[in-house]
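# sequence first, then the predicted structure:
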Amino acid sequence: MFNVKDRVVVITGGYGVLGASMARCLSELGAHVVIVGRKAEKGEALVTELSALGAEALFCKADVLDREALIAAKEAIIGKWGRIDVLINAAGGNMPGATIMPDKNIFDLDIDAYRTVLDLNLVGTVIPTLVFGEVMAKNGKGSIINISSMSSQQMITRVCGYSSAKAAIDNFTKWCAMEMAKKFGEGLRVNAIAPGFFITEQNRTLMTNPDGSHSDRAKDVIRNTPFGRLGEADELHGAVVFYASDASKFVTGTVLPIDGGFSIFSGV
Ligand SMILES: NC(=O)c1ccc[n+]([C@@H]2O[C@H](COP(=O)([O-])OP(=O)(O)OC[C@H]3O[C@@H](n4cnc5c(N)ncnc54)[C@H](O)[C@@H]3O)[C@@H](O)[C@H]2O)c1
């Protein structure tokens, strides 16, 4: 039921902390993993590591906002395997410019930075969905997994642009799930996971002090998490395998929190 062996799984932002962890898990389970990213050196290094785990892996150099580069990636994948079974839209993240720091307020918002963070997190999910999802639509089968965030449902201070983008990801996930199923049948599914708080490259300066200890913000998060801790990347694996496999074959349009209870806690 949870079998992902021989599935062709494309992961954008695949050498990021969460994407790479998912890639390792899926490779160990026998999936063919395609890493899509901007830096060949990082991508090729991960592909070498993944290939040693068993299944074949491939790196395709592309920015998620560059449709032509994504089309070239799609052609390389089709040339090798003839299909795409799963797309994980893991490229994304917060950007300091689109963040309102405590000594500033909404009227200080840098609109260019706001647009940039919307582009990366929202448009950078939509374009890969169009390019790789079309292959799935032609085959009548495929699972798309988007990455939402705690900031889409509850208001989290500072992260203005990122929150707008991730709220739009929830909406796009549901809209696309409806559209795909109605136009291409139940083999096409679109879901999202909403991770709680995990220390990765995109949030390291918000969540840690220069000496690596937890920032006051990280301590606030932990206080508001019933499990009393941050998440570990491998705690996303179960949900990813669920969505990537036939275990979830009647599931579409969902957004699954993986957050140690953060999203259901009032804080009192
Ligand atoms: N870390 C968390 O606590 C957390 C929580 C909720 C959601 N998320 C989401 O998880 C996803 C993965 O992020 P992460 O936490 O592993 O951070 P990360 O910074 O380690 O990984 C993000 C990856 O995206 C890549 N990327 C950025 N812009 C790109 C572009 N234009 N084209 C291609 N690749 C690009 C980066 O190079 C990096 O490899 C993001 O969507 C992030 O918003 C993270």
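Cool, the structure landed. Numbering: from 1, shown residues only.
# who does the biggest strand by length in the chain pair with, and is each partner parallel or antiparallel?
For the chain, the longest strand by residue count, based on DSSP state E, is strand 188-195. Strand 188-195 pairs in its sheet with strand 142-147 (parallel), strand 255-258 (parallel), by DSSP bridges.
# pick the most buried one from those strands.
strand 142-147 (a mean of 26; mean count of other Cβ atoms under 10 Å). Glycine gets a C-beta too; all of them are placed from N, C-alpha and C.
# next one: the helix or strand just after that strand to chain centre, how far?
Per DSSP states H and E, the first helix or strand lying C-terminal to strand 142-147 is helix 160-184. Mean C-alpha position of helix 160-184 versus that of the full chain (Cα atoms, centre = their mean, to the nearest Å) differs by 13 Å.
# ok, now stretch 201-215?
Centroid separation between stretch 201-215 and its chain, computed with Cα atoms, centre = their mean, is 21 Å.
# what residues does the stretch 151-268 of the chain put near the ligand?
Within the stretch 151-268 of the chain, the positions lying close to the ligand (Cβ under 6 Å from any ligand atom) are 195, 197-198, 200-203.
# residues touching residue 131, list them.
67, 70-71, 73-74 (Cβ atoms under 8 Å, 6 or more residues apart in numbering).
# count of neighbours near the residue lying closest to residue 261 once chain neighbours are set aside?
With sequence-adjacent residues excluded and distances taken as Cβ to Cβ, 6 or more residues apart in numbering, residue 261 is closest to residue 226, at 3.5 Å. Applying other Cβ atoms under 10 Å, we find 11 residues neighbouring residue 226.
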